[in-house]
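>>> structure for the following, please:
(one chain, ligands or ions: 1)
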Amino acid sequence: MPYRLRYLFIAISLSLVSISIAFDLAKPQPAKTGCIEIIEVGKSISGKPIELCHVGGSHIGSKNSMLVIGSVHGNEPAGIEVVEELIELGAGDNTDLWVIRNGNPDGSNLGTRQNFNGVDLNRNFPTNWLPSVVGAKTYSGTNPASEPETQSLMRAIDLVKPKILITIHQPYGLVDCSQGADQNLDERLALLTGLPATCIPGEMADSPTNTYTGTISQWVNGRYPESTALALELEAEVPTQKITQYAIALKQLPVE
Ligand SMILES: [Zn+2]
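Modelled structure (predicted):
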């Protein structure tokens, strides 16, 4: 091959290589391990993203769809570990599994139950909302759904419309009683986790919102009559072995 042609050939080859590298860089980056899709549903007050992760499954609104929220109270971190384990396990057969690792990232950073505004997000949802005193443990915010984290979680739920919503808490070590469409869901989850199914005891002292008002479960059970929302209360201390056990239980819940 004449020199000139050879140089032309090399130049063309190099351009093709760089074009293909450029295309590779332009491709969407792979999702975090275990999530086939990640949707940012909003941000916390300090600007941290609240991400909805689609672990796997068929399609939105399918019969066995479930959304698990690892944490809404910043001082109850065990549920985040359970959700991370659940992401690794993947969705069960014929189920559509979605998770939010952390619905209150600012509270987690601060180590507080409430968000950055001192609001208990699980009293801020717009069903049975009651006003309460600023500074109370269960301060419900200035208005129903006043907080960006509450709005983010509502957005995620309206997007997925899960038949089952599980929000993980600590420290009571029980499965809260079922108030939604499936009256047996609590018993099934109790069987799978080994935790007792019983209604969470209300704390009446100090604030009217120490009883259960404006909770995420009340909002979902009222808005989606075919769905069932439950609080899963883990123990105060959860050993690694139990984290795995709870993740396996949640994976199995929609297929039971
Ligand atoms: Zn809690």
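>>> in stretch 171-191, what counts as buried?
Tyr172, Leu174, Val175, Asp176, Ser178, Gln179, Gly180, Leu185, Asp186, Arg188, Leu189, Ala190 (16 or more other CB atoms under 10 Å). Just so you know, the C-beta spots here come from the backbone N, C-alpha and C atoms, and that holds for glycine as well.
>>> quick one, phi psi at the closest residue to the fifth one other than its chain neighbours?
Yep, that's Ser178 we're talking about. Setting aside the residues directly before and after it, Ser178 is nearest to Asp186 in space (CB to CB, 6 or more residues apart in numbering), at 4.1 Å. Here is the backbone geometry of Asp186 (degrees, to the nearest 10): phi -60, psi -40.
>>> outline the domain layout of the chain.
1-30, 31-252 (automatic domain parsing).
>>> quick one, what contacts the residue nearest to Ser178?
By CB atoms under 8 Å, 6 or more residues apart in numbering, the residues touching Asp186 are Val175, Asp176, Cys177, Ser178, Ala197, Leu230.
>>> what do you get for Asn64?
Asn64 touches Gly57, Gly92, Asn94, Thr95, Asp96, Lys163, Pro254, Val255, counting by CB under 8 Å, 6+ apart.
>>> rewinding a little: pick the one among the contacts of Asp186 closest to the ion.
Asp176 (10.6 Å; CB to the ion).
>>> isn't that closest one right up against Ile200?
Yes: with contacts counted by CB atoms under 8 Å, Asp176 reaches Ile200, the gap being 4.9 Å.
>>> overlap in contacts of those two?
What both Asp176 and Ile200 touch, as defined by CB under 8 Å, 6+ apart, is the set Ala231, Glu233.
>>> tally of neighbours for the closest residue in space to Lys43 that isn't next to it in sequence?
Spatial nearest neighbour of Lys43, chain neighbours left out: Pro49 (5.7 Å); criterion: CB to CB, 6+ apart. Neighbours of Pro49 under the rule other CB atoms under 10 Å: 12.
>>> gap between Pro49 and Ile200?
30 Å (CB to CB, to the nearest Å).
>>> for Gly56, same thing?
For Gly56, the distance to Ile200 - CB to CB - is 30 Å.
>>> more neighbours: which of these two?
Ranked by neighbour count (other CB under 10 Å), Gly56 and Ile200 place Gly56 first, with 18 against 15.
>>> mind telling me which residue of the stretch 1-150 of the chain is nearest the ion?
Closest point on the stretch 1-150 of the chain to the ion, by CB to the ion, is His73, at 3.6 Å.
>>> would you agree that residue is in contact with Asn115?
No: His73 is not in contact with Asn115 according to CB under 8 Å; the separation is 9.7 Å.
>>> overlap in contacts of the two?
Joint contacts of His73 and Asn115 (CB under 8 Å, 6+ apart) are Asn104, Gly107, Leu121.
>>> any of those residues buried? List them.
Asn104, Gly107, Leu121.
>>> contacts only, for the first one.
Contacts of Asn104 were listed using CB under 8 Å, 6+ apart, and they are Ser44, Ser71, Val72, His73, Gly74, Asn115, Leu121, Glu149.
>>> please apply the same query to the second one.
By CB under 8 Å, 6+ apart, the contact list for Gly107 reads Ser71, His73, Gly74, Asn75, Arg113, Gln114, Asn115, Phe116, Leu121.
>>> run the last query once more with 10 Å
44, 71-77, 113-116, 118-121, 149 (CB atoms under 10 Å, 6 or more residues apart in numbering).
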